[in-house]
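[1] next one to model:
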Amino acid sequence: MMAKERASQLVVLYASQTGNAEWMAKHVHEEALAKGFSSECFVLDDFSKVDLKKSSALVIVASTTGDGDPPDNATKFWRWLRRAKKDELEALKGKQYALLGLGDTNYSNFCNTAKRLDRKFSDLGAVPFCPKGFADDATGLEEVVDPWMAQLWEILPSVVVYDEEKYRAYSEKSDGNERKLKFKKEGGEAKKEAGEKDGEKKDAEKPVAVEKGAETNGKAETVIGKRPLPVRKAAAGAVEKRPLPVRKAVDIPKPVETKWSDEPIPSTNVDPGKAPTHAEDHSSVTDGLVSHRPVSPGRNYDAPLPVVIDKTLLAAAKQLTGVAKLPTEFLTITPLDDRRTVEESRSGLFHLLKKGPSGAPFDHTVSAPFQAHITGVRCLTGPRALKRVIEITADIGGLGWEYVPGDAFGVLCPNTDGLVLPLLKRLGLEPEHVFKMEATESAGSSGLPFQLEKPCTYYEAFRHFLDLHSLPRKSFLRMLAEYTTDEEEKKTLYFLSSTQGTGAYRTLRPQQPTLLDLLHTFPSCNPPFARLLETIPRLQPRYYSVASSPLTQPTSVSFAFNIVDYLTEAPYNKPMRGLCSTWLDELTGSVSEPGKLVDLSSQNLHIPIFPKPPVDFRLPSSPSVPIIMIAAGTGLTPFMGFLRHRGAASTEQKPGDAWLFHGRRFAGEDGDALYLSELKGLVEKGALTHLHECLSRENTEAVRFKYVQDAVKAHGAELWKAVKEGGAAIYVCGSVNMAKEVNQAFVDIAQQHGGMGSPVEGQVFLTKLGKEKRYLRDLWN
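    Numbers count the residues shown, from 1 in each chain. Reported below is the predicted structural model:
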C-alpha cells in the first residue's frame, strides 16, 4: 500500500484562556512559515474561516479553564461541534491532526479540553500523526511541550509539503545559531563544537511519554508524558514515529572564579531559613548564587531585584545539552515621527482599539472592550482583616448585556509606571515615540502579538499589552543569551535554558521575576524591541464574578475582590501586589472605612471590560430547587448574586432551601465577615435558609467550625437528603485546595448517609451530579 499523500497546507488552531496556548500556536505557525510550509493560524472560534475540505493537516493547542471548561475563545467551536450536521463533519474523516493540551493537575479535570477534542476527532474519523501531549503547569509546561514540539517538527515534513530551499536555509541558520553556543577557555582558546571532541558522543534529548495499555481503533495510544517514547514501526499508510532530533551540546570551560567580598561564595542550595547573603551586590552573577536584596520597609514593589540562581551544576558541567531552541523571528519594527505623551497614553487604551458594535455585548472582547463607568465603591472588611476587600459598582448601560447571577466579565488592567518607565529606560526606548509593527514575509496579521487600530508608543506597548510578570520560558532565556555580551552572564542564561539547568529554572517560579528583574540580573543583556514583542506573552485580562442581580441592578454590575499584597516564599521574600486589584483600588481612592459607600458617579473613571461567555455556574431554572453554596473568602461573590436574585424575585412558587457555608478567618464585620449584615437580612427574608460561618482564626467556644469541609460533614444527613430527595444543586467557589477537601467531605457523606460501599462509588456519584449540572465548581489555584 502506498504511503498517504502529503497535505498541501498546515492549519494551526488554538483555544487559550491565559495566552499560553495562543503563544505556542502562533510560534508553531511562524516557524512553519519560516521553514517553507504553507500555514494559517486561527483561534478555534474562527473555525468557519478554515476550509476543512482542503488538503490540510491540523495542529491544535488547547488549554483548559475553570473546572475542566474550554477557554472562552473556543465556546462557539464546541457549540458548532455539538450541533453540526453529519455532512458538515464529514471533512474531518481522515483528516490528520496533532494535539497539545495544556492543563494543571491541581484541578481534577486535567487537560479536559484537549482530551475531549481528541475523543471527538477520533469519533469523527480524524487520524493523529503525532503523539498527543498533555503538559502540566503544576510541574512546568516545558517538560512536555519541548519534546512534543521536537517530535512535531521531526514528523511534519513527511505529513505536509514544504519549500525545500526555505527549509534548508532555515536549518543552516539554526545550525549557525547552535555554533554560537561555544564558550572560550581561559586564555581565549576556542573550544571545539559540542559533540565533536574525540571519543565523545552527543547527548540527545530524549522525549518523555506515557504509553497507555489501552488501544484506540486497534492502535496503541501514545501520550507525551513521563516515560521514554518507544519508536514504533509505521503501519501501512501511516507516518513513522521517528526519534527526536539530536540537539548539539555546549562545551563549558572551567568556571572563572568571581569574588564579591571576603565572604565565601555559597555553592550549595539556598538555605530556606534565611535570605541569601551578599545583599549589597545587585548586578553580579557568581558561581554560587545571585543574591536577593532584602525587602525594604517601604515596600517598593517595582524596584528591580536580582534573580537567585544556584549555579552549582553549571560549575561542575563540562557541557550543556537540550538547550532550548531560539524562537522564530517574525516582526519588523519601524520607528515613526509621531509622538504621544505619557499623560495622554496613561489615561487608557481605548484610543488604540476598535470600538465594539453597539447592542452586541459579546462582540466586545479583549480587542474591543466596553468602557464601563465606575459609579461607586465600598470597603467590605474591618481593621482586623488580614486582607482588605472592596466592592466596586460599574455602569454597563450601553453594553446591552443581560447578565444573570453566576456570570463573569474580564477587566483589562495596565502594568504600573513604576515598572514600565524604568524598563523603557533600561532598554533605551523613548516612551513617547510611536512605532509601526509589521509581520515579516507571509505571516500576515495572525503573526502580530496584538491588533491595534493605529500604531502605539513604546510606553503603550509595555503598559497595556505585554505581560512583564510572566514566568520566562526557556526559549525566552535562550533568546536573551544571544544578546548578552558578558560571557559569564551568557553562560548562565544558556544554563537556565538547558537540561542541566532544569532545577535552577524551576526556582524562577517562586521568585516571580519581572522582565526588569531579569535585565537587572544580566546587565550586559540588551535584547531588541522586536524580539521582546515576539517572545513576551500578552498581558491577560482578569476575570470577576458578578455579585449583583439584574432584578435590582439591570444596567450595572457589582463585584468584590481582595487587594492582593504579599511576600513570595522564603528565602526570596519579594514584595508582590496584585496587578489588577491594586490598579482598581488606587483608581477608586483606596477606601478603607468599613461599609461606607463612596459615590463616584460624577468622576470620569472608566475601565475596559467585556462579558465572559455564559457557563453552567448558574442558579437552577426553577427557584424551588434547593441550592447548597460553599465558599471561602471572596468566593462568596457569585453567591451574593444568587441570593440577591432570590431575595428580589417575586414568585408564586415556594423557593427551595438555600444553604451557605462561608469560610473566613474572623467573626464580626470588624474582621472579614463579608456582607454579614446583608446575609442576615436575607435569612430573615427567607432567601437564605441556612447560614453557617466557619472561622479559622477564632478560638472561642462559640466557634463551632473552623473550615467549611467540617461544617459540610457535620450536616451530612441533611445535605444528603436535600441532594438525593430534593434534587439540590451543589456549588463550590474558592481555591482548588479547599474544593478538594469539600469534595472529600461529600464522598464521605455519600458513604455514611447514602450507603455507598467505597470512596470510588462516592466519587462516581459526584461525577454523575456534575454531568447533570448539579455539582458545579468555580475554582482558582
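
[2] switch to C-alpha atoms for all contacts and neighbour counts from now on
    Will do.

[3] surely Trp583 touches Cys413?
    Yes - taking contacts as CA atoms under 8 Å, Trp583 lies within contact range of Cys413: 7.1 Å.

[4] so Ala32 touches Cys41, yeah?
    No - checked against CA under 8 Å, the pair Ala32 and Cys41 is beyond contact range at 10.5 Å.

[5] so Trp583 and Cys413 - more neighbours on which side?
    When Trp583 and Cys413 are compared on other CA atoms under 10 Å, the one with more neighbours turns out to be Cys413, at 24 against 17.

[6] which element is Ile374 on?
    Using DSSP states H and E, Ile374 falls within strand 370-379.

[7] excluding chain neighbours, give the residue nearest to Gln451 in space.
    The shortest distance from Gln451 to any non-neighbouring residue, by CA to CA, 6 or more residues apart in numbering, is to Ser367 (7.0 Å).

[8] which intervals of the stretch 401-550 of the chain have sub-threshold pLDDT?
    For the stretch 401-550 of the chain, applying pLDDT under 70 flags the ranges 441-447.

[9] all strands of it, in order?
    Along the stretch 401-550 of the chain, the stretches classed as strands by DSSP state E, counting those that start in this stretch are 408-411, 433-439, 542-545.

[10] can I get the last one as CSV, trimmed to CA atoms?
    Taking C-alpha atoms only, strand 542-545 is exported to CSV below (Å, rounded to 0.1, in the frame of the first residue of the first chain):
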residue,chain,number,x,y,z
ARG,A,542,-8.5,39.4,35.0
TYR,A,543,-12.0,37.9,35.5
TYR,A,544,-14.5,38.8,38.2
SER,A,545,-17.8,37.2,39.1
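
[11] name the residues of it that are buried.
    Tyr543, Tyr544, Ser545 (16 or more other CA atoms under 10 Å).

[12] repeat that for the second one.
    Within strand 433-439, the residues scored as buried using 16+ other CA under 10 Å are His433, Val434, Phe435, Met437, Glu438, Ala439.

[13] how much space separates the fourth one from His29?
    Met437 sits at a distance of 18 Å from His29 (criterion: CA to CA, to the nearest Å).

[14] for Gly757, same thing?
    When CA to CA is applied, the distance between Gly757 and His29 equals 51 Å.

[15] return the distance of stretch 300-318 from the chain's centre.
    On the basis of CA atoms, centre = their mean, to the nearest Å, stretch 300-318 sits 24 Å off its chain's mean C-alpha point.

[16] where in this protein is pLDDT low?
    In the prediction, the chain carries residues with pLDDT under 70 at positions 1-4, 175-299, 355-359, 441-447.

[17] quick check: longest helix of it.
    Longest helix in the chain by number of residues (criterion: DSSP state H): helix 736-754.

[18] higher neighbour count, Ala32 and Cys41?
    Just comparing Ala32 and Cys41: by other CA under 10 Å the higher neighbour count belongs to Cys41, 27 against 22.

[19] paired strands for whichever strand or helix holds that one, with orientation please.
    Under DSSP H and E, the secondary-structure element containing Cys41 is strand 39-43. For strand 39-43, the paired strands and their directions (DSSP bridges) read strand 9-15 (parallel).

[20] which residues are contacting the strand it pairs with?
    The contact list for strand 9-15, computed with CA atoms under 8 Å, 6 or more residues apart in numbering, reads 21-22, 25-26, 28-29, 37-44, 50, 55-63, 70-74, 160-161.
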